[in-house]
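S.K.: sequence plus predicted model, see below.
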Amino acid sequence: MPHAVAEAVHARAGGVCEVLIPWAGCTGRAEHIHHRQLRSQGGAHDLDNCLAICHLCHAFIHAYPARSYECGWLVRSVDNPADVVVVVAPRD
């Protein structure tokens, strides 16, 4: 990951997890950089494709892909991450 992209992702997050999944036990801290469109699916190292998230939300996203695609935390290979809305602090 280019250093400039990582810095921009962390700056946008301001140190706060960008998804805040309460039932995942979110710590609230931006600890990892997550690729919404996975690198194995052609996902780029760019600001639209990356989120700064806590480790518990990161684990949840990969454990529950169907929910994660619905919320924009994962993006399918045929979609453009810039066009997929990210749901923050979901209620259910």
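M.R.: Cool, got the structure. Numbers count the residues shown, from 1 in each chain.

S.K.: for the rest of this, base every contact and every neighbour count on C-alpha atoms.
M.R.: Fine.

S.K.: any idea which helix or strand carries the most centrally placed residue in the chain?
M.R.: Compute the mean C-alpha point of the chain, and by Cα atoms, centre = their mean the closest residue is residue 51, 3.7 Å away. Using DSSP states H and E, residue 51 sits in strand 50-53.

S.K.: and the longest helix for this structure?
M.R.: helix 3-13 (DSSP state H).

S.K.: give the buried residues for that helix.
M.R.: Using 16 or more other Cα atoms under 10 Å as the test for burial, helix 3-13 gives 6, 9, 10, 13.

S.K.: other SSEs contacting that helix?
M.R.: strand 50-53 (3 or more Cα pairs under 8 Å, 6 or more residues apart in numbering; DSSP states H and E).

S.K.: rounded mean pLDDT for the strand it packs on, please.
M.R.: For strand 50-53, the mean pLDDT works out to 98.

S.K.: let's have the chain start at 670 instead
M.R.: Okay, using 670 as the starting number, the last item reads as strand 719-722.

S.K.: export it as CSV, just CAs?
M.R.: These are the backbone C-alpha positions of strand 719-722, laid out as CSV (Å, rounded to 0.1, in the frame of the first residue of the first chain):
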residue,chain,number,x,y,z
CYS,A,719,-10.0,1.5,1.6
LEU,A,720,-11.5,1.9,5.0
ALA,A,721,-9.7,2.5,8.4
ILE,A,722,-11.5,0.1,10.8
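
S.K.: next SSE downstream of it?
M.R.: Next element after strand 719-722 (DSSP H and E): helix 724-732.
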